[in-house]
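[1] just coords:
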């Protein structure tokens, strides 16, 4: 637990994206964690680009929504969500197969903090309860 006078700054990424590669990631000690890839949309609507984020799903609400969507993601249905990510960092890796074998790649990692809404094959399946966004732009807060 952080001391009450410790302050920190949040950096969040919000957007719309497709969910892929949902999985339970085993770890040596402790409970496995839930992970999912978010392919975030950006750019002009008639020339959409994608940025992939490999995410650890954090928080009970986000985990519950992802578990609800897991069968659709695994069935390769189009699962589109409004999301919020935090704690972004880059991690390098080496390609082991294909034409890039031996080359270094970069993976963007983050924590999936919140799902605002979800659609499966264009049909709404989830809408989060309304929350205040004021805190996202406020002064630093105590932890």
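    Looks like it arrived, so ask away. Owing to the predicted nature of the structure, the values given are computational and were not obtained by experimental measurement.
[2] contacts, neighbours, all on C-alpha from now
    Fine.
[3] which residues sit in contact with residue 17?
    38-41, 80-83 (CA atoms under 8 Å, 6 or more residues apart in numbering).
[4] Most neighbours of all the residues you listed, which one?
    Using other CA atoms under 10 Å as the neighbour test, those are led by residue 38, with 27 neighbours.
[5] Can I take it that that residue is in a strand?
    Yes - judged by DSSP: H, G, I helix; E, B strand; the rest coil, residue 38 forms part of a strand.
[6] Tell me what it is bridged to.
    For residue 38, the beta-bridge partners are residue 19, residue 53 (DSSP bridges).
[7] My guess is it contacts residue 53. True?
    Yes - contact criterion CA atoms under 8 Å: residue 38 and residue 53 qualify, at 5.2 Å.
[8] pLDDT at the residue nearest to the spatial centre of the chain, what is it?
    When CA atoms, centre = their mean is applied to the chain, the residue found nearest the centroid is residue 112 (3.5 Å). pLDDT, residue 112: 97.
[9] so where does it fall, helix or strand?
    Per DSSP states H and E: residue 112 is located in strand 104-120.
[10] chain center to that strand: distance?
    On the basis of CA atoms, centre = their mean, to the nearest Å, strand 104-120 sits 2 Å off its chain's mean C-alpha point.
[11] Give the buried residues for it.
    Using 16 or more other CA atoms under 10 Å as the test for burial, strand 104-120 gives 109-120.
[12] Same check on stretch 58-71?
    58, 62-63, 65-66, 69-70.
[13] export the residues you listed to TSV and tack on distance to residue 49?
    Shown next, in TSV, are the buried residues of stretch 58-71 (distance: CA to CA, whole Å):
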residue	distance to residue 49
58	26
62	25
63	27
65	25
66	24
69	24
70	24
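[14] Return the subset of the residues you listed lying in strands.
    The members of the buried residues of stretch 58-71 all map outside strands under DSSP state E.
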